[in-house]
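[1] I'd like to go over a predicted model; first the sequence, then the structure.
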Amino acid sequence: STVSLLCPNILTEPSYIAWFKQINGSLPLCIVTQYVNRRQTDSIYLNGFKKDHMEMSANKTFSSLRIVNVDVSDSGMFYCGSFLTNYMKFHNKTQLVVVNGNTLTLILSGLVLLPTVFAIVVLIRMKERNKQKGM
């Protein structure tokens with residue numbers, strides 16, 4: 001089977017959109033990112049994720065992540081986000097549960113910023129400030 005996850009974009013200028021996957025409360029991994037401007041650009045796949053299994057498309061209105069040949073290992077929490085100036089804004093999260101390789105259950109919740117992801121962003125910014133102070 002194939003499943004598509006959708007995410008609204010809030011881009012007011014060209015920027016990056018990205019999709020993340022989180023399993024069992026671990027740190028989210030970036031799956032794919034794409035620079036969105038007037039022309040379609042190629043997606044960049046990260047952390048071992050491949051285009052033949054997860055395909056991203058994006059424009060100024062929305063982004064989608066299409067997962068083909070869905071497997072139990074695809075279960076997890078998926079997030080989309082956009083890079084705004086010097087931080088990332090997360091838009092939606094979708095819980096994907098794959099049972100027996102065939103049954104899909106999607107639990108959608110919009111405009112949620114997980115405390116875990118927020119903490120990561122804060123820690124990164126604190127680390128960057130400490131580096132700048134040390135110079």
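    Structure received.
[2] Any idea how many residues pack against Lys50?
    10 (other Cβ atoms under 10 Å). C-beta coordinates here come from the backbone N, C-alpha and C atoms, glycine included.
[3] Just say helix, strand or coil for it.
    At Lys50 the chain is in coil, as set by DSSP: H, G, I helix; E, B strand; the rest coil.
[4] and what of Ser73?
    Recorded secondary structure, Ser73: helix (three-state DSSP).
[5] who's in contact with it?
    Val98 (Cβ atoms under 8 Å, 6 or more residues apart in numbering).
[6] Could you report the distance from it to Thr2?
    15 Å (Cβ to Cβ, to the nearest Å).
[7] With Asn69 instead?
    Asn69 is 8 Å from Thr2, by Cβ to Cβ.
[8] So for the two, which residues contact both of them?
    Joint contacts of Asn69 and Thr2 (Cβ under 8 Å, 6+ apart) do not exist.
[9] Show me what counts as buried in the lengthiest strand in the chain.
    What stands out as the longest strand in the chain, according to DSSP state E, is strand 87-99. Across strand 87-99, burial judged by 16 or more other Cβ atoms under 10 Å covers 88, 90-94, 96, 98.
[10] next one: stretch 46-54
    49, 54.
[11] For it, C-alpha coordinates in PDB please.
    The C-alpha coordinates for stretch 46-54 follow below in PDB (Å, rounded to 0.1, in the frame of the first residue of the first chain):
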ATOM      1  CA  LEU A  46      19.000  12.000   4.900                       C
ATOM      2  CA  ASN A  47      19.700   9.400   7.600                       C
ATOM      3  CA  GLY A  48      19.400   6.400   5.200                       C
ATOM      4  CA  PHE A  49      15.900   7.300   3.900                       C
ATOM      5  CA  LYS A  50      15.500   6.700   0.100                       C
ATOM      6  CA  LYS A  51      13.400   8.400  -2.600                       C
ATOM      7  CA  ASP A  52      12.200   5.000  -3.900                       C
ATOM      8  CA  HIS A  53      10.400   4.500  -0.500                       C
ATOM      9  CA  MET A  54       9.500   8.000   0.700                       C
END
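[12] I'd like the average pLDDT over it.
    Summarised as a single mean, pLDDT over stretch 46-54 is 88.
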